[in-house]
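K.L.:
Prediction below, plus the sequence it came from.
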Amino acid sequence: MNRFLSRRTFSALALMAACAFGVTGAAHAAEESADAFIKRVSSDILDSIKADKSIHNGDVNKIITLVDQRVMPNVNFLRMTASAVGPTWRQATPEQQKRLQEEFKILLVRTYSGALGQVSDQTIVVKPLRAAADDKEVMVKTEVRGKGDPIQLDYRVEKAADGSWKVYNMNVMGIWLVENYKTQFAQEINTKGVDGLIASLADRNKSNARAAK
Amino acid sequence: MMRMAFQRTGLTAFVLAVAVLSTGCATGPNANPKDPLEPMNRSISRFNDSLDENVLKPVATGYKDVTPELVQKGVRNVFNNLSDIWSTVNNGLQLKGRDTAESLMRSVVNTVFGIYGIFDVATPIGLERHPEDFGQTLGAWGVPDGPYVVLPLFGPSTLRDTAGMPVDTSVDYVRNLDHIPTRNSAMALRVVDKRTSLLGTSNLLTEAAIDKYSFTRDAYLQYRRNQVFDGNPPDEEDLPDPSAEPSAK
(Lines give C-alpha, C1' and ligand atoms only; values in the text may rest on other atoms or scores of the structure.)
Protein backbone atom coordinates (compact mmCIF):
# COMPACT_ATOMS: atom_id res chain seq x y z
CA MET A 1 0.00 0.00 0.00
CA ASN A 2 3.01 2.16 -0.10
CA ARG A 3 4.29 4.18 -2.89
CA PHE A 4 7.58 2.37 -2.76
CA LEU A 5 5.88 -0.67 -4.20
CA SER A 6 4.26 1.13 -7.07
CA ARG A 7 4.31 0.11 -10.67
CA ARG A 8 7.24 2.34 -11.41
CA THR A 9 9.20 0.49 -8.78
CA PHE A 10 8.34 -2.61 -10.71
CA SER A 11 9.69 -1.28 -13.96
CA ALA A 12 12.69 0.01 -12.07
CA LEU A 13 13.32 -3.49 -10.82
CA ALA A 14 13.05 -4.69 -14.37
CA LEU A 15 15.66 -2.21 -15.42
CA MET A 16 17.77 -2.93 -12.42
CA ALA A 17 17.77 -6.58 -13.36
CA ALA A 18 18.37 -5.66 -16.94
CA CYS A 19 21.21 -3.32 -16.25
CA ALA A 20 22.92 -5.12 -13.46
CA PHE A 21 22.67 -8.55 -14.88
CA GLY A 22 22.08 -7.87 -18.52
CA VAL A 23 25.35 -6.23 -19.08
CA THR A 24 26.64 -7.04 -22.51
CA GLY A 25 29.57 -6.48 -24.74
CA ALA A 26 33.21 -7.38 -24.67
CA ALA A 27 35.51 -6.06 -22.00
CA HIS A 28 36.37 -2.60 -23.10
CA ALA A 29 39.60 -0.73 -23.05
CA ALA A 30 40.87 0.13 -19.59
CA GLU A 31 40.28 3.82 -20.16
CA GLU A 32 36.50 3.65 -20.14
CA SER A 33 35.02 5.75 -17.35
CA ALA A 34 32.54 4.31 -14.86
CA ASP A 35 29.61 6.31 -16.14
CA ALA A 36 30.39 5.39 -19.74
CA PHE A 37 30.51 1.74 -18.67
CA ILE A 38 27.03 1.95 -17.11
CA LYS A 39 25.68 3.86 -20.06
CA ARG A 40 27.00 1.36 -22.61
CA VAL A 41 25.85 -1.63 -20.63
CA SER A 42 22.36 -0.27 -19.90
CA SER A 43 21.70 0.71 -23.49
CA ASP A 44 22.95 -2.61 -24.80
CA ILE A 45 20.81 -4.63 -22.47
CA LEU A 46 17.71 -2.54 -23.00
CA ASP A 47 18.08 -3.04 -26.73
CA SER A 48 18.55 -6.77 -26.43
CA ILE A 49 15.50 -7.15 -24.18
CA LYS A 50 13.38 -5.10 -26.51
CA ALA A 51 14.53 -7.28 -29.40
CA ASP A 52 13.77 -10.62 -27.73
CA LYS A 53 10.12 -11.62 -27.50
CA SER A 54 10.69 -14.66 -25.32
CA ILE A 55 12.16 -12.52 -22.55
CA HIS A 56 9.02 -10.40 -22.66
CA ASN A 57 7.03 -13.57 -22.16
CA GLY A 58 9.09 -14.40 -19.08
CA ASP A 59 11.04 -17.41 -20.37
CA VAL A 60 13.16 -18.08 -17.29
CA ASN A 61 15.63 -20.43 -18.93
CA LYS A 62 16.31 -17.94 -21.66
CA ILE A 63 16.87 -15.22 -19.08
CA ILE A 64 19.26 -17.40 -17.08
CA THR A 65 21.26 -18.09 -20.23
CA LEU A 66 21.38 -14.39 -20.99
CA VAL A 67 22.52 -13.64 -17.47
CA ASP A 68 25.26 -16.28 -17.50
CA GLN A 69 26.71 -15.37 -20.84
CA ARG A 70 26.47 -11.63 -20.96
CA VAL A 71 25.73 -10.34 -17.50
CA MET A 72 27.84 -12.08 -14.94
CA PRO A 73 31.12 -11.08 -16.62
CA ASN A 74 30.30 -7.50 -15.67
CA VAL A 75 29.23 -8.13 -12.08
CA ASN A 76 31.40 -9.00 -9.10
CA PHE A 77 28.90 -11.48 -7.78
CA LEU A 78 31.37 -12.92 -5.30
CA ARG A 79 31.59 -9.56 -3.61
CA MET A 80 27.82 -9.02 -3.71
CA THR A 81 27.17 -12.35 -2.02
CA ALA A 82 30.00 -11.97 0.48
CA SER A 83 28.90 -8.52 1.66
CA ALA A 84 25.29 -9.66 1.96
CA VAL A 85 26.43 -12.61 4.09
CA GLY A 86 28.68 -10.40 6.20
CA PRO A 87 31.66 -11.36 8.41
CA THR A 88 30.52 -14.99 8.60
CA TRP A 89 31.56 -15.31 4.97
CA ARG A 90 35.16 -15.81 6.04
CA GLN A 91 34.25 -18.77 8.21
CA ALA A 92 32.34 -20.47 5.43
CA THR A 93 34.04 -23.29 3.53
CA PRO A 94 34.76 -22.77 -0.18
CA GLU A 95 32.00 -25.26 -0.94
CA GLN A 96 29.51 -23.26 1.17
CA GLN A 97 30.62 -20.04 -0.49
CA LYS A 98 30.03 -21.57 -3.88
CA ARG A 99 26.56 -22.79 -2.93
CA LEU A 100 25.63 -19.41 -1.45
CA GLN A 101 26.53 -17.68 -4.69
CA GLU A 102 24.62 -20.18 -6.79
CA GLU A 103 21.42 -20.02 -4.77
CA PHE A 104 21.55 -16.24 -4.36
CA LYS A 105 21.96 -15.84 -8.09
CA ILE A 106 19.00 -18.09 -8.86
CA LEU A 107 16.90 -16.16 -6.34
CA LEU A 108 17.70 -12.82 -7.95
CA VAL A 109 17.33 -14.03 -11.53
CA ARG A 110 14.06 -15.77 -10.84
CA THR A 111 12.44 -12.97 -8.92
CA TYR A 112 13.40 -10.36 -11.45
CA SER A 113 12.74 -12.40 -14.58
CA GLY A 114 9.05 -11.53 -14.46
CA ALA A 115 9.95 -7.87 -14.25
CA LEU A 116 12.01 -8.00 -17.43
CA GLY A 117 8.81 -8.36 -19.43
CA GLN A 118 7.84 -4.86 -18.29
CA VAL A 119 10.61 -3.14 -20.21
CA SER A 120 9.12 -1.12 -23.03
CA ASP A 121 10.12 2.37 -24.04
CA GLN A 122 12.38 3.34 -21.15
CA THR A 123 15.67 5.13 -21.57
CA ILE A 124 18.54 5.64 -19.15
CA VAL A 125 19.97 9.02 -18.27
CA VAL A 126 23.36 8.84 -16.56
CA LYS A 127 23.94 11.74 -14.19
CA PRO A 128 27.24 13.61 -14.08
CA LEU A 129 29.86 11.57 -12.25
CA ARG A 130 31.23 12.90 -8.99
CA ALA A 131 34.51 11.06 -8.64
CA ALA A 132 38.22 11.54 -9.17
CA ALA A 133 39.76 10.01 -12.27
CA ASP A 134 41.76 7.46 -10.28
CA ASP A 135 38.95 6.31 -7.94
CA LYS A 136 38.71 2.53 -7.72
CA GLU A 137 35.17 2.51 -6.35
CA VAL A 138 32.59 4.86 -7.76
CA MET A 139 28.87 5.47 -7.41
CA VAL A 140 27.12 6.04 -10.72
CA LYS A 141 23.71 7.66 -10.45
CA THR A 142 21.20 7.17 -13.22
CA GLU A 143 17.59 7.89 -13.88
CA VAL A 144 15.17 5.72 -15.82
CA ARG A 145 12.80 7.70 -17.93
CA GLY A 146 9.66 6.31 -19.46
CA LYS A 147 5.99 6.72 -18.77
CA GLY A 148 5.33 8.38 -15.45
CA ASP A 149 7.81 9.72 -12.97
CA PRO A 150 11.54 9.12 -13.46
CA ILE A 151 13.00 6.31 -11.38
CA GLN A 152 16.24 6.62 -9.45
CA LEU A 153 18.66 3.78 -10.19
CA ASP A 154 22.21 3.91 -8.78
CA TYR A 155 25.16 1.56 -9.02
CA ARG A 156 28.33 0.98 -7.09
CA VAL A 157 31.10 -0.10 -9.44
CA GLU A 158 34.68 -1.11 -8.77
CA LYS A 159 37.71 -1.23 -10.98
CA ALA A 160 38.93 -4.80 -11.37
CA ALA A 161 42.60 -5.76 -11.63
CA ASP A 162 42.37 -5.92 -15.43
CA GLY A 163 41.04 -2.35 -15.56
CA SER A 164 37.43 -3.25 -16.40
CA TRP A 165 34.53 -2.09 -14.27
CA LYS A 166 32.33 -4.45 -12.28
CA VAL A 167 29.00 -3.73 -10.63
CA TYR A 168 28.91 -4.84 -6.99
CA ASN A 169 25.75 -3.20 -5.62
CA MET A 170 22.81 -1.22 -6.93
CA ASN A 171 19.79 0.60 -5.62
CA VAL A 172 16.38 1.39 -6.95
CA MET A 173 14.66 4.41 -5.41
CA GLY A 174 17.16 4.39 -2.59
CA ILE A 175 16.87 0.71 -1.70
CA TRP A 176 20.30 -0.94 -1.89
CA LEU A 177 20.09 -4.56 -2.91
CA VAL A 178 22.91 -5.98 -0.80
CA GLU A 179 21.88 -4.04 2.33
CA ASN A 180 18.35 -5.30 1.96
CA TYR A 181 19.44 -8.92 2.06
CA LYS A 182 21.98 -8.45 4.83
CA THR A 183 19.56 -8.49 7.77
CA GLN A 184 17.66 -11.53 6.57
CA PHE A 185 20.86 -13.44 5.89
CA ALA A 186 22.14 -12.57 9.36
CA GLN A 187 18.88 -13.79 10.90
CA GLU A 188 19.20 -17.15 9.18
CA ILE A 189 22.86 -17.51 10.07
CA ASN A 190 22.26 -16.62 13.73
CA THR A 191 19.57 -19.20 14.16
CA LYS A 192 20.53 -21.96 11.73
CA GLY A 193 24.12 -21.37 10.65
CA VAL A 194 25.53 -21.04 7.14
CA ASP A 195 24.05 -24.34 6.00
CA GLY A 196 20.69 -23.16 7.31
CA LEU A 197 20.93 -20.06 5.15
CA ILE A 198 21.82 -22.14 2.10
CA ALA A 199 18.85 -24.41 2.82
CA SER A 200 16.49 -21.44 3.20
CA LEU A 201 17.66 -19.96 -0.09
CA ALA A 202 17.26 -23.31 -1.83
CA ASP A 203 13.76 -23.75 -0.36
CA ARG A 204 12.73 -20.31 -1.50
CA ASN A 205 14.03 -21.05 -4.99
CA LYS A 206 12.17 -24.34 -5.12
CA SER A 207 8.86 -22.83 -4.07
CA ASN A 208 9.36 -19.95 -6.53
CA ALA A 209 9.97 -22.50 -9.29
CA ARG A 210 6.80 -24.36 -8.34
CA ALA A 211 4.78 -21.14 -8.29
CA ALA A 212 6.01 -20.28 -11.77
CA LYS A 213 4.52 -23.44 -13.20
CA MET B 1 -12.16 17.31 10.93
CA MET B 2 -8.89 18.11 12.58
CA ARG B 3 -10.37 16.98 15.88
CA MET B 4 -11.56 13.72 14.38
CA ALA B 5 -8.17 12.97 12.95
CA PHE B 6 -6.54 13.48 16.30
CA GLN B 7 -9.13 11.36 18.04
CA ARG B 8 -8.31 8.59 15.64
CA THR B 9 -4.62 8.99 16.40
CA GLY B 10 -5.40 8.80 20.07
CA LEU B 11 -7.13 5.52 19.48
CA THR B 12 -4.23 4.22 17.40
CA ALA B 13 -1.81 5.23 20.15
CA PHE B 14 -3.91 3.41 22.70
CA VAL B 15 -4.05 0.27 20.59
CA LEU B 16 -0.29 0.48 20.11
CA ALA B 17 0.32 0.91 23.82
CA VAL B 18 -1.82 -2.09 24.71
CA ALA B 19 -0.17 -4.18 22.05
CA VAL B 20 3.31 -3.21 23.22
CA LEU B 21 2.51 -4.04 26.82
CA SER B 22 1.05 -7.38 25.93
CA THR B 23 3.72 -8.55 23.54
CA GLY B 24 6.80 -6.94 25.03
CA CYS B 25 9.79 -5.70 23.14
CA ALA B 26 12.16 -7.61 20.93
CA THR B 27 15.16 -9.00 22.70
CA GLY B 28 17.80 -11.58 21.93
CA PRO B 29 20.54 -11.83 19.34
CA ASN B 30 18.29 -10.83 16.46
CA ALA B 31 16.90 -7.70 18.05
CA ASN B 32 17.11 -4.85 15.59
CA PRO B 33 17.75 -1.40 17.10
CA LYS B 34 15.52 0.18 14.46
CA ASP B 35 12.70 -2.21 15.24
CA PRO B 36 12.16 -2.54 19.01
CA LEU B 37 8.49 -3.38 18.45
CA GLU B 38 9.25 -6.31 16.17
CA PRO B 39 7.00 -8.94 17.80
CA MET B 40 4.02 -6.62 17.65
CA ASN B 41 4.88 -5.42 14.16
CA ARG B 42 5.10 -8.97 12.92
CA SER B 43 1.66 -9.85 14.17
CA ILE B 44 0.15 -6.71 12.67
CA SER B 45 1.89 -7.57 9.38
CA ARG B 46 0.29 -10.99 9.45
CA PHE B 47 -3.08 -9.40 10.09
CA ASN B 48 -2.57 -6.96 7.22
CA ASP B 49 -1.38 -9.73 4.90
CA SER B 50 -4.38 -11.92 5.55
CA LEU B 51 -6.76 -8.99 5.17
CA ASP B 52 -5.05 -8.17 1.90
CA GLU B 53 -5.12 -11.74 0.67
CA ASN B 54 -8.81 -12.20 1.47
CA VAL B 55 -10.33 -8.82 0.70
CA LEU B 56 -8.20 -6.16 -0.88
CA LYS B 57 -6.27 -8.17 -3.45
CA PRO B 58 -9.34 -9.93 -4.88
CA VAL B 59 -11.17 -6.60 -5.10
CA ALA B 60 -8.21 -4.91 -6.80
CA THR B 61 -7.85 -7.79 -9.24
CA GLY B 62 -11.53 -7.55 -10.10
CA TYR B 63 -11.30 -3.79 -10.53
CA LYS B 64 -8.35 -4.21 -12.85
CA ASP B 65 -10.09 -6.86 -14.95
CA VAL B 66 -13.42 -5.09 -15.27
CA THR B 67 -12.59 -1.40 -15.52
CA PRO B 68 -11.35 -0.01 -18.83
CA GLU B 69 -7.71 1.01 -18.68
CA LEU B 70 -8.54 4.58 -19.63
CA VAL B 71 -10.88 4.89 -16.66
CA GLN B 72 -8.27 3.41 -14.32
CA LYS B 73 -5.76 5.93 -15.56
CA GLY B 74 -8.21 8.78 -15.08
CA VAL B 75 -8.96 7.69 -11.53
CA ARG B 76 -5.27 7.51 -10.71
CA ASN B 77 -4.63 10.92 -12.23
CA VAL B 78 -7.39 12.53 -10.18
CA PHE B 79 -5.96 11.17 -6.92
CA ASN B 80 -2.43 12.12 -7.96
CA ASN B 81 -3.61 15.61 -8.72
CA LEU B 82 -5.17 15.95 -5.29
CA SER B 83 -1.96 14.81 -3.66
CA ASP B 84 0.07 17.26 -5.77
CA ILE B 85 -1.75 20.11 -4.04
CA TRP B 86 -0.60 18.84 -0.63
CA SER B 87 2.88 18.20 -2.05
CA THR B 88 3.00 21.87 -2.99
CA VAL B 89 2.47 22.83 0.64
CA ASN B 90 5.06 20.35 1.89
CA ASN B 91 7.63 21.39 -0.69
CA GLY B 92 7.00 24.94 0.49
CA LEU B 93 7.48 23.97 4.14
CA GLN B 94 10.80 22.43 3.16
CA LEU B 95 11.76 25.64 1.35
CA LYS B 96 12.25 23.89 -1.98
CA GLY B 97 11.49 26.78 -4.27
CA ARG B 98 11.59 25.06 -7.61
CA ASP B 99 9.73 21.93 -6.53
CA THR B 100 7.07 24.06 -4.87
CA ALA B 101 6.56 26.07 -8.02
CA GLU B 102 6.45 22.97 -10.22
CA SER B 103 4.00 21.18 -7.94
CA LEU B 104 1.77 24.24 -7.86
CA MET B 105 1.94 24.60 -11.64
CA ARG B 106 1.10 20.91 -12.01
CA SER B 107 -2.02 21.22 -9.88
CA VAL B 108 -3.18 24.32 -11.72
CA VAL B 109 -2.47 22.96 -15.20
CA ASN B 110 -4.01 19.56 -14.49
CA THR B 111 -7.06 20.94 -12.71
CA VAL B 112 -7.81 23.48 -15.43
CA PHE B 113 -6.66 21.82 -18.63
CA GLY B 114 -6.81 18.23 -17.44
CA ILE B 115 -10.45 18.59 -16.33
CA TYR B 116 -10.12 18.26 -12.54
CA GLY B 117 -7.03 16.16 -12.98
CA ILE B 118 -8.56 13.37 -15.06
CA PHE B 119 -5.84 13.90 -17.64
CA ASP B 120 -2.24 14.46 -16.67
CA VAL B 121 -1.22 17.17 -19.09
CA ALA B 122 1.53 18.55 -16.87
CA THR B 123 3.98 15.66 -17.16
CA PRO B 124 4.28 15.81 -20.98
CA ILE B 125 5.14 19.51 -20.80
CA GLY B 126 7.97 18.81 -18.38
CA LEU B 127 6.38 19.50 -15.01
CA GLU B 128 7.43 16.52 -12.93
CA ARG B 129 5.80 15.27 -9.75
CA HIS B 130 7.58 15.92 -6.49
CA PRO B 131 5.50 13.91 -4.03
CA GLU B 132 6.04 15.04 -0.45
CA ASP B 133 4.04 14.25 2.65
CA PHE B 134 4.26 15.66 6.14
CA GLY B 135 6.42 12.79 7.39
CA GLN B 136 9.03 13.79 4.81
CA THR B 137 8.73 17.41 5.84
CA LEU B 138 9.40 16.43 9.45
CA GLY B 139 12.38 14.39 8.23
CA ALA B 140 13.70 17.34 6.26
CA TRP B 141 13.40 19.44 9.40
CA GLY B 142 15.65 16.97 11.18
CA VAL B 143 13.16 14.79 13.04
CA PRO B 144 14.64 11.28 13.22
CA ASP B 145 12.70 8.22 11.97
CA GLY B 146 12.12 6.69 15.36
CA PRO B 147 11.21 3.02 15.64
CA TYR B 148 9.72 1.14 12.72
CA VAL B 149 5.98 0.67 13.14
CA VAL B 150 3.55 -1.45 11.16
CA LEU B 151 0.13 0.13 11.33
CA PRO B 152 -3.05 -1.89 11.07
CA LEU B 153 -4.49 -1.39 7.56
CA PHE B 154 -1.88 1.23 6.57
CA GLY B 155 1.20 -0.99 6.64
CA PRO B 156 4.86 0.02 7.08
CA SER B 157 5.59 3.32 8.81
CA THR B 158 7.85 4.85 11.40
CA LEU B 159 7.03 6.73 14.56
CA ARG B 160 7.82 10.00 12.77
CA ASP B 161 5.73 9.16 9.72
CA THR B 162 2.87 8.03 11.94
CA ALA B 163 3.05 11.34 13.77
CA GLY B 164 2.87 13.11 10.42
CA MET B 165 -0.21 11.19 9.29
CA PRO B 166 -2.88 13.15 11.20
CA VAL B 167 -1.59 16.30 9.54
CA ASP B 168 -1.80 14.64 6.12
CA THR B 169 -5.31 13.35 6.78
CA SER B 170 -6.60 16.57 8.32
CA VAL B 171 -6.05 18.37 5.02
CA ASP B 172 -7.00 15.39 2.87
CA TYR B 173 -9.49 16.70 0.36
CA VAL B 174 -11.23 13.35 -0.11
CA ARG B 175 -11.61 12.71 3.61
CA ASN B 176 -13.06 16.17 4.09
CA LEU B 177 -15.83 15.83 1.52
CA ASP B 178 -19.13 16.86 3.14
CA HIS B 179 -21.32 14.36 1.32
CA ILE B 180 -20.63 11.25 3.38
CA PRO B 181 -21.57 8.53 0.81
CA THR B 182 -19.40 10.27 -1.78
CA ARG B 183 -16.59 10.58 0.72
CA ASN B 184 -16.71 6.91 1.63
CA SER B 185 -16.88 5.78 -1.98
CA ALA B 186 -13.99 8.04 -2.93
CA MET B 187 -11.87 6.78 -0.05
CA ALA B 188 -12.60 3.17 -0.95
CA LEU B 189 -11.85 3.83 -4.60
CA ARG B 190 -8.55 5.41 -3.65
CA VAL B 191 -7.52 2.34 -1.67
CA VAL B 192 -8.53 0.03 -4.51
CA ASP B 193 -6.66 2.16 -7.03
CA LYS B 194 -3.53 2.06 -4.89
CA ARG B 195 -3.72 -1.69 -4.43
CA THR B 196 -4.29 -2.18 -8.16
CA SER B 197 -1.09 -0.34 -8.95
CA LEU B 198 0.73 -2.77 -6.67
CA LEU B 199 -0.62 -6.00 -8.10
CA GLY B 200 2.54 -6.63 -10.09
CA THR B 201 4.95 -6.02 -7.25
CA SER B 202 3.36 -7.74 -4.28
CA ASN B 203 4.22 -11.20 -5.62
CA LEU B 204 7.76 -10.08 -6.24
CA LEU B 205 8.16 -9.16 -2.58
CA THR B 206 7.05 -12.59 -1.50
CA GLU B 207 9.36 -14.30 -3.94
CA ALA B 208 12.46 -12.16 -3.44
CA ALA B 209 12.50 -12.41 0.34
CA ILE B 210 13.50 -15.18 2.69
CA ASP B 211 11.74 -13.29 5.47
CA LYS B 212 9.15 -11.03 3.89
CA TYR B 213 8.72 -9.02 7.08
CA SER B 214 12.32 -7.89 7.49
CA PHE B 215 12.76 -7.48 3.75
CA THR B 216 9.81 -5.10 3.64
CA ARG B 217 11.00 -3.27 6.74
CA ASP B 218 14.54 -2.71 5.48
CA ALA B 219 13.28 -1.65 2.08
CA TYR B 220 10.80 0.77 3.61
CA LEU B 221 13.36 2.38 5.92
CA GLN B 222 15.89 2.79 3.10
CA TYR B 223 13.22 4.11 0.77
CA ARG B 224 11.93 6.73 3.20
CA ARG B 225 15.42 7.90 4.07
CA ASN B 226 16.14 8.30 0.39
CA GLN B 227 12.90 10.25 -0.08
CA VAL B 228 13.65 12.61 2.79
CA PHE B 229 17.00 13.41 1.18
CA ASP B 230 15.52 13.55 -2.32
CA GLY B 231 17.69 10.78 -3.67
CA ASN B 232 20.97 11.94 -2.14
CA PRO B 233 21.25 10.59 1.40
CA PRO B 234 24.49 11.75 3.03
CA ASP B 235 27.23 9.57 4.51
CA GLU B 236 26.08 6.30 3.00
CA GLU B 237 28.83 4.00 4.07
CA ASP B 238 29.87 1.21 1.79
CA LEU B 239 29.53 -2.31 3.16
CA PRO B 240 32.80 -4.12 3.86
CA ASP B 241 33.76 -6.82 1.39
CA PRO B 242 34.55 -10.02 3.31
CA SER B 243 35.62 -11.77 0.10
CA ALA B 244 38.52 -9.33 -0.22
CA GLU B 245 40.18 -10.53 2.97
CA PRO B 246 43.24 -12.69 2.43
CA SER B 247 41.65 -15.43 4.56
CA ALA B 248 38.62 -15.61 2.31
CA LYS B 249 39.73 -18.46 0.15
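P.N.:
Great, that's in hand.

K.L.:
Just confirm yes or no for the longest helix anywhere in chain B near chain A.
P.N.:
Across chain B, the longest stretch assigned as helix under DSSP state H is helix B:69-93. No: using CB under 8 Å from any CB of the partner chain, helix B:69-93 stays clear of chain A, with a minimum separation of 9.7 Å. (Glycine included, C-beta is placed from N, CA and C.)

K.L.:
Give me the average confidence score over that helix.
P.N.:
For helix B:69-93, the mean per-residue pLDDT is 93.

K.L.:
Over to stretch B:162-180?
P.N.:
90.

K.L.:
Between its first and last residues, how far does that stretch reach?
P.N.:
End-to-end distance of stretch B:162-180 (CA to CA, to the nearest Å): 25 Å.

K.L.:
For that stretch, buried residues please.
P.N.:
B:162-172, B:174-175 (16 or more other CB atoms under 10 Å in any protein chain shown).

K.L.:
Quick check: the farthest pair among those residues?
P.N.:
B:A163 and B:V174 (21.2 Å; CB to CB).

K.L.:
show me what contacts whichever residue of chain A sits closest to chain B?
P.N.:
For chain A and chain B, the shortest gap (CB to the nearest CB) falls at A:G174, measuring 2.2 Å. The neighbours of A:G174, taking CB atoms under 8 Å, 6 or more residues apart in numbering or on different chains as the test, are A:152, B:222-223, B:225-227, B:231, B:233.

K.L.:
go on, A:L177?
P.N.:
Here A:L177 is in contact with A:16, A:80, A:169-171 (criterion: CB under 8 Å, 6+ apart).

K.L.:
burial measure for the nearest residue in space to the residue of chain A closest to chain B that is not next to it in sequence, as a count.
P.N.:
Among residues not flanking A:G174 along the chain, B:N226 sits closest, at 2.2 Å (CB to CB, 6 or more residues apart in numbering or on different chains). Residues lying near B:N226 (other CB atoms under 10 Å in any protein chain shown) number 22.

K.L.:
Per-residue pLDDT of B:N226, please?
P.N.:
Reported pLDDT for B:N226: 92.

K.L.:
tell me which residues of the helix or strand where it lies are tucked away?
P.N.:
Following DSSP states H and E, one finds B:N226 within helix B:212-228. Residues of helix B:212-228 classed as buried by neighbour count (16+ other CB under 10 Å): B:213-228.

K.L.:
tell me the angle of the host helix or strand of B:N41 relative to helix B:212-228?
P.N.:
Assigned by DSSP H and E, B:N41 belongs to helix B:38-51. Angle of helix B:38-51 versus helix B:212-228, following axes from the mean of the first three to the mean of the last three CA atoms, to 10 degrees, is 100 degrees.

K.L.:
Export the contacts of A:L177 to TSV and append columns for distance to chain B.
P.N.:
Below are those laid out as TSV (distance: CB to the nearest CB, whole Å):
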residue	distance to chain B
A:M16	12
A:M80	9
A:N169	7
A:M170	13
A:N171	8
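
K.L.:
Check the separation of the first and last residues in stretch B:59-74.
P.N.:
End residues of stretch B:59-74 are separated by 19 Å (CA to CA).

K.L.:
Check the residue of chain A most remote from its centre and give its pLDDT.
P.N.:
Ranked by distance from the centre of chain A (CA atoms, centre = their mean), the top residue is A:T191, with 27.1 Å. You'll see A:T191 listed with a pLDDT of 93.

K.L.:
That one should be in a strand, yeah?
P.N.:
No: counting by DSSP: H, G, I helix; E, B strand; the rest coil, A:T191 falls outside a strand, being helix.

K.L.:
Is it possible to get TSV of the contacts of A:L177 that adds neighbour count and distance to A:Y112?
P.N.:
Output for the contacts of A:L177, formatted as TSV (neighbours: other CB atoms under 10 Å in any protein chain shown; distance: CB to CB, whole Å):
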residue	neighbour count	distance to A:Y112
A:M16	26	7
A:M80	27	14
A:N169	23	15
A:M170	24	11
A:N171	25	14
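
K.L.:
can you pull out the strands in chain A?
P.N.:
Remark: strands assigned in chain A by DSSP state E are A:123-126, A:137-145, A:151-159, A:165-172, A:175-176.

K.L.:
Just name the most buried of these.
P.N.:
Each of these was scored by mean neighbour count; the highest is strand A:165-172, a mean of 25, by mean count of other CB atoms under 10 Å in any protein chain shown.

K.L.:
roughly how far apart are B:E53 and B:T61?
P.N.:
In this view, B:E53 and B:T61 are 11 Å apart by CB to CB, to the nearest Å.

K.L.:
outside of whichever helix or strand comes after the helix holding B:N41, which residues touch it?
P.N.:
Sequence-wise, the next helix or strand beyond helix B:38-51 is helix B:57-66, with elements assigned using DSSP H and E. The contact list for helix B:57-66, computed with CB under 8 Å, 6+ apart, reads B:72, B:192-193, B:195-196, B:198-199, B:202.

K.L.:
doesn't B:Y213 make contact with B:L205?
P.N.:
No: B:L205 lies out of contact with B:Y213 (CB atoms under 8 Å); the separation is 10.4 Å.

K.L.:
and B:S157, which of the three is it?
P.N.:
Look at B:S157: counting by three-state DSSP, its state is strand.

K.L.:
give the contact list for B:L221.
P.N.:
Under the criterion of CB under 8 Å, 6+ apart, the neighbours of B:L221 are B:34, B:145, B:148, B:158.

K.L.:
repeat that with 6 Å
P.N.:
With CB atoms under 6 Å, 6 or more residues apart in numbering or on different chains as the criterion, no residue contacts B:L221.

K.L.:
Report the residue spans of the chain with pLDDT below the cut-off.
P.N.:
Assuming you mean chain A. Confidence mapping of chain A against pLDDT under 70 gives the ranges A:1-30, A:58, A:113-118, A:148, A:213.

K.L.:
Can you look at chain B instead?
P.N.:
For chain B, the ranges with pLDDT under 70 are B:1-30, B:235-236, B:245-249.

K.L.:
Those residues of it touching chain A, which are they?
P.N.:
When proximity is defined by CB under 6 Å from any CB of the partner chain, chain B lies next to chain A at B:29-30, B:129, B:155, B:194, B:197-198, B:200-201, B:204, B:207-208, B:210-211, B:214, B:218-219, B:222-223, B:226, B:231, B:239, B:241-243, B:245, B:247-248.

K.L.:
Just the ones of these in strands?
P.N.:
B:G155.

K.L.:
List only buried entries from the residues of chain B next to chain A.
P.N.:
Buried among these by 16+ other CB under 10 Å: B:129, B:155, B:194, B:197-198, B:200-201, B:204, B:207-208, B:210-211, B:214, B:218-219, B:222-223, B:226, B:239, B:241-243.

K.L.:
Show me which positions of stretch B:97-115 end up buried.
P.N.:
Residues of stretch B:97-115 classed as buried: B:99-100, B:102-104, B:106-111, B:114 (neighbour count, 16+ other CB under 10 Å).
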